[in-house]
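Undergrad: Below are the sequence and a predicted model; questions follow.
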Amino acid sequence: MQTLAIPGELCSQDVGFNMAEARPVTTPLAGHFRLSSNQCPNLQEDKDEMSRVPYASVMGSLMHAMLYTRPGLAYAVSTVSRFMSNPGRQYWEAVKWVL
């Protein structure tokens, strides 16, 4: 059996999300992330802040990685992609964890 391994620093630098200093983690989505629709931003200033975050672009990169090189990301990607229409700060933290 052969294994394809992509170093985290190579993958995160290639997609251009300034995650070169990120530490590697053992799980794609840790149990301490409890995401729900109650965490979606309601205030306009919170929505404006999150509009500057490249959430959809990162999700596209994660989906590409999931489909072609990292099938183990499927659960994590499906969890964080549920909130693409109105992501909050907690969702962004979870996405950065997956990266």
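TA: Yep, that arrived.

Undergrad: what's the average pLDDT for stretch 89-98?
TA: For stretch 89-98, mean pLDDT is 85.

Undergrad: Same question for it: list its buried residues.
TA: 90-92, 94-95, 97-98 (16 or more other CB atoms under 10 Å). To be clear about C-beta, it is placed using only N, CA and C from the backbone, and glycine gets the same treatment.

Undergrad: Pick the one among those closest to residue 33.
TA: Closest approach to residue 33 among those (CB to CB): residue 94, at 4.5 Å.

Undergrad: mind listing what the residue nearest to the closest one when sequence neighbours are not counted touches?
TA: Nearest residue to residue 94 in three dimensions, chain neighbours excluded: residue 33, at 4.5 Å (CB to CB, 6 or more residues apart in numbering). Residue 33 is in contact with 90, 93-94, 97, counting by CB atoms under 8 Å, 6 or more residues apart in numbering.

Undergrad: Over to residue 81?
TA: By CB under 8 Å, 6+ apart, the contact list for residue 81 reads 59, 63.

Undergrad: Tell me where the chain has helices.
TA: Along the chain, counting by DSSP state H, helices occupy 8-15, 44-51, 55-68, 74-81, 89-98.

Undergrad: who touches residue 71 in this structure?
TA: Contacts of residue 71 by CB under 8 Å, 6+ apart: none found.

Undergrad: okay, it: pLDDT?
TA: For residue 71, the predicted pLDDT is 83.

Undergrad: pLDDT weak spots in this structure?
TA: 1-32 (pLDDT under 70).

Undergrad: go again using 80 as the cut-off
TA: Along the chain, segments meeting pLDDT under 80 span 1-36, 99.

Undergrad: returning to what we had before: can you tell me which two in the contacts of residue 33 are farthest apart?
TA: For the contacts of residue 33, and using CB to CB, no pair is farther apart than 90 and 97, which are 10.7 Å apart.
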